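A.B. asks: Provided below for reference: sequence and predicted model.
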Amino acid sequence: MDQKFGKGIMAGIAAGLIKNIPNAILHIFFPSLNKIAFWDYAGTIALGRLPKGPLEIFYALFLETLFSTFLALIFIHSRFLNQSDHFKWKGIFYGAWIWFMVRAAVLGFDIKVLLNENLGNSVTNLLLSMLYGCLLVCAIKALDKKRVGSNQ
């Protein structure tokens, strides 16, 4: 496995799963604030409707983690990361850009079940997407340091 690919896989899975922890807490305990979770997007694409029941939610969470990993691979292979300054800000803006593109796709394709976001849902999903980007670059940098430390 090529080094960038492996780092992207590990960082994407870690950042995606960690991001889903506060998303799940908000979705379960504050449903009026976070009505549509990240896995609802993946579940709607895969199932044609919001996931229902634990098996469908687990399947949607798995797909959302795959999407997070795919996004990490795009990020790690881009020239965006090559400059080492302000890497956390780059991750934050990458996460915000991804959120904006996903929302644009939902609006563009008129996916009705995902259109019903309120202000609270929109803000929490934006902030959690920005958190994903920050976690992603931190995980990549940590894997870089681990690799450098193991070569000595």
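C.D. replies: Structure's in. What do you need?
A.B. asks: burial count for the nearest residue to Y94 once chain neighbours are set aside?
C.D. replies: Closest residue to Y94 apart from its sequence neighbours, by Cβ to Cβ, 6 or more residues apart in numbering: G133 at 4.4 Å. (Glycine included, C-beta is placed from N, CA and C.) Neighbourhood size, G133 [other Cβ atoms under 10 Å]: 26.
A.B. asks: Same check on H77?
C.D. replies: By other Cβ under 10 Å, 13 other residues sit near H77.
A.B. asks: picking that back up, verify the contact between the residue nearest to Y94 and W89 for me.
C.D. replies: No. The pair G133 / W89 is not scored as a contact, 9.2 Å apart, by Cβ atoms under 8 Å.
A.B. asks: Now list whatever residues contact both of these two.
C.D. replies: Counting by Cβ atoms under 8 Å, 6 or more residues apart in numbering, G133 and W89 have no shared contacts at all.
A.B. asks: Show me where the protein dips below the pLDDT cut-off.
C.D. replies: Residue ranges of the chain with pLDDT under 70: 1-2, 79-84, 147-152.
A.B. asks: which residues touch the residue nearest to Y94?
C.D. replies: A15, K90, G91, I92, F93, Y94, G95, A96, I98.
A.B. asks: Swap in 10 Å and give it another go.
C.D. replies: Listed by Cβ atoms under 10 Å, 6 or more residues apart in numbering, the contact set of G133 reads 15, 19, 71-72, 75, 88-99.
A.B. asks: Just the buried residues of the residues you listed.
C.D. replies: Neighbour-count burial (16 or more other Cβ atoms under 10 Å) applied to these gives 15, 19, 71-72, 75, 90-92, 94-96, 98-99.
A.B. asks: which among these gets closest to K35?
C.D. replies: W99 (15.8 Å; Cβ to Cβ).
A.B. asks: what about that closest one, helix or strand, and which?
C.D. replies: helix 87-108 (DSSP states H and E).
A.B. asks: That helix packs against which elements?
C.D. replies: For helix 87-108, the packing partners by 3 or more Cβ pairs under 10 Å, 6 or more residues apart in numbering; DSSP states H and E come out as helix 3-29, helix 38-47, helix 53-76, helix 119-151.
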